[in-house]
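S.K.: return atomic coordinates for the entry below.
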Amino acid sequence: MSLIARIAGRDTVRSRRVVLALACMLWCGMTTAAFAAPRIVDLGPVTREGIKALTVNRYDEVAGAVPRPGSPGRAAVWTPNATGGMSRRLLPVVGDCIGSAATDINDAGTVVGYVTKADFTDRPVVWRADGMHRLSRHNGRARGINNAGDIVGEIEIAGAGHAVVWHRDGSISDLSARLGGVGSVAMAINERGAVTGFIIVRPFHFVGFLLSHGHLVRLDRLHSANITEPWAINLHEKVVGHWECNIGPPKCAQNVCCRGDGFTYRTGAIHSLPSFSKFSGASALGLNDRGVAVGVDTDDNATENPFFAVMWRAGSEIRLDNFASNPGLAQLTSADDINASGTIVGQAQPVASGGIISGYILYR
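M.R.: Numbers count the residues shown, from 1 in each chain. Predicted coordinates:
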C-alpha cells in the first residue's frame, strides 16, 4: 500500500472516529436535555391580578408585577440569564402613575397591562421597545396580546365595561354591541384573532363567550352555571377557565354538588375539568397550543394553605408539587400559564412567607 493510501486510510478512520464522537456528544446532549430533571427558579415576591399573577412566552420570558410597600405594584419582566436564573427589570411608567401591572407578553417581548393613576383608576397600556404607550383615555385594562400585536381588554364608558380589541393597524373594535349584557370583558386572543372573555348579564351572572370571525358562542351550557369566566384560548380555539353555579356554600342534590370548577370548551362542547376537590373546586388559568392546561385546585382537608398548582394533560389532573421542589418554596399554590415547550409560571408560598407571594418558573 502506498504512503498516500495509508495516510488516506488513517484519515478515513480518524474521520469516522470524529463523526462517531460528535454523534455521541450530540445524542448525549439531546438525551440530557430531553430527560433533564425538572427544576424551579424562585422569581421573588409578586402581586396578582385576581387569582392570576404571571404569564410566559415561548422564550421563557415572564411578565407580571412586583409589590411595593404602601403603594400599588409595579409591572416587571423576568428574562433568562447566563447563570440559569432569571433577571428582573421594572417596566417604565410616565405621567402621574402610582402603579402598574403586566397581564400578558407575546413572543416579541411586547407587554400589555395597565397603569394605576393617583385617583386609583386604571388605564390600559402597552410596553414596546420604545417604552410605554397608552391605549385609551378611558379607564380600563389590557389583558391579552397575540404575536401579531392585536390586544384585547376592556374600557369603561358611562360606568359600563366594554370589551375591546386594539388591532395591530391602530384601529379599535368595541365588541359590546355584539356581545350584549350590561358589560363585558375580553380576556385573551389567539393567533387567528379569536377572542374569549365574559359578558356581564347582571351582577354575579357572567357568561363566557368565544367570538371567532364574527361567530359568537356563549359558554353557558354547564350545570346551570351563573358564572363562566374564561382565562385562556389557544390556536385551536380551545378555551379554559372557571365556572360557578352559585354564590355561597355548595348546593348538593343526588350526590352532585354544584359549586364550581375549571372548564374546557372545544368545538361546541363544554366540560368540567377533573378536580381533586369535592367542595371548593379548581380554576384553569393557562393553556398552550398542545392543549395542556394549568391552574389551581383546592385541598379539602388542608389545615393551612388549601391551594395547590395543577396541570391537566390527556384528561388527567396532575399536582405540580410532584414534579419538582425548591428549598425556599413551601408549596406551589397556583400555575398561571404554560408555554408551548411546557414551561410553567405561577405563584408559591415561601418557607418564610409572612403573607408574601413568590413567583416561580418551572422547567420540565
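S.K.: ok, which stretches of the stretch 101-250 of the chain are helices?
M.R.: Secondary structure of the stretch 101-250 of the chain (DSSP state H, counting those that start in this stretch): helices at 176-179.
S.K.: strands of that one, start to end?
M.R.: When assigned using DSSP state E, counting those that start in this stretch, the strands of the stretch 101-250 of the chain occupy the ranges 111-117, 122-128, 131-134, 140-145, 151-157, 160-166, 172-174, 183-189, 195-202, 205-212, 215-219, 227-233, 239-244.
S.K.: out of the ones you listed, which gets nearest to residue 92?
M.R.: strand 131-134 (5.5 Å; C-beta to C-beta). C-betas here are computed from N, CA, C, even on glycine.
S.K.: and the closest one, what does it pack against?
M.R.: Where contact means 3 or more C-beta pairs under 8 Å, 6 or more residues apart in numbering; DSSP states H and E, strand 131-134 is packed against strand 122-128.
S.K.: other SSEs contacting the strand it packs on?
M.R.: Here strand 122-128 touches strand 111-117, strand 131-134, strand 140-145, strand 151-157, going by 3+ C-beta pairs under 8 Å, 6+ apart.
S.K.: repeat that for 6 Å
M.R.: Counting by 3 or more C-beta pairs under 6 Å, 6 or more residues apart in numbering; DSSP states H and E, the packing neighbours recorded for strand 122-128 are strand 111-117, strand 131-134, strand 140-145.
S.K.: re the thing from before, got the strands of the stretch 101-250 of the chain as a markdown table, with mean pLDDT columns?
M.R.: Formatted as a markdown table, these follow (pLDDT from 0 to 100):
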| stretch | mean pLDDT |
| --- | --- |
| strand 111-117 | 97 |
| strand 122-128 | 98 |
| strand 131-134 | 96 |
| strand 140-145 | 98 |
| strand 151-157 | 98 |
| strand 160-166 | 97 |
| strand 172-174 | 97 |
| strand 183-189 | 98 |
| strand 195-202 | 96 |
| strand 205-212 | 94 |
| strand 215-219 | 93 |
| strand 227-233 | 93 |
| strand 239-244 | 91 |
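S.K.: will you turn those strands into a markdown table that also has distance to residue 276 and mean neighbour count?
M.R.: What follows is the strands of the stretch 101-250 of the chain, written out as a markdown table (distance: least, C-beta to C-beta, whole Å; neighbours: other C-beta atoms under 10 Å):
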| stretch | distance to residue 276 | mean neighbour count |
| --- | --- | --- |
| strand 111-117 | 32 | 24 |
| strand 122-128 | 35 | 21 |
| strand 131-134 | 41 | 14 |
| strand 140-145 | 28 | 26 |
| strand 151-157 | 32 | 24 |
| strand 160-166 | 33 | 23 |
| strand 172-174 | 40 | 14 |
| strand 183-189 | 25 | 25 |
| strand 195-202 | 25 | 23 |
| strand 205-212 | 23 | 22 |
| strand 215-219 | 24 | 16 |
| strand 227-233 | 19 | 26 |
| strand 239-244 | 15 | 27 |
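S.K.: turn these into a markdown table, columns for distance to residue 359.
M.R.: Output for these, formatted as a markdown table (distance: least, C-beta to C-beta, whole Å):
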| stretch | distance to residue 359 |
| --- | --- |
| strand 111-117 | 15 |
| strand 122-128 | 18 |
| strand 131-134 | 22 |
| strand 140-145 | 18 |
| strand 151-157 | 22 |
| strand 160-166 | 27 |
| strand 172-174 | 32 |
| strand 183-189 | 20 |
| strand 195-202 | 24 |
| strand 205-212 | 27 |
| strand 215-219 | 29 |
| strand 227-233 | 17 |
| strand 239-244 | 21 |
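S.K.: residue 239 pairs with what?
M.R.: Here residue 239 sits in beta bridges with residue 233, residue 265, going by DSSP bridges.
S.K.: contacting residues for it?
M.R.: Applying C-beta atoms under 6 Å, 6 or more residues apart in numbering, we find residue 239 in contact with 196, 210, 230, 233, 265.
S.K.: from those residues, pick the one nearest residue 71.
M.R.: residue 230 (30.9 Å).
S.K.: quick check: closest non-adjacent residue to that closest one.
M.R.: The shortest distance from residue 230 to any residue other than its chain neighbours is 3.8 Å, reached at residue 241 (C-beta to C-beta, 6 or more residues apart in numbering).
S.K.: and if you look at residue 138?
M.R.: Leaving aside its chain neighbours, residue 138 sits nearest to residue 155 (4.0 Å; criterion: C-beta to C-beta, 6+ apart).
S.K.: how about residue 39?
M.R.: residue 363 (5.4 Å).
S.K.: isn't the one you found right up against residue 41?
M.R.: No. Residue 363 is beyond contact range of residue 41, at 7.6 Å (criterion: C-beta atoms under 6 Å).
S.K.: can you tell me which of the contacts of residue 239 is closest to residue 65?
M.R.: For those, the closest approach to residue 65 (C-beta to C-beta) belongs to residue 230, at 21.8 Å.
S.K.: so residue 308 belongs to a strand, correct?
M.R.: Yes. Under DSSP: H, G, I helix; E, B strand; the rest coil, residue 308 falls within a strand.
S.K.: next, the contact list for it, please.
M.R.: Going by C-beta under 6 Å, 6+ apart, residue 308 touches 297, 319.
S.K.: so what's it bridging to?
M.R.: residue 297.
S.K.: look up how far residue 323 lies from it.
M.R.: Plainly put, residue 308 is 12 Å away from residue 323 if you go by C-beta to C-beta, to the nearest Å.
S.K.: number of nearby residues for residue 277?
M.R.: Counted with other C-beta atoms under 10 Å, residues neighbouring residue 277 total 18.
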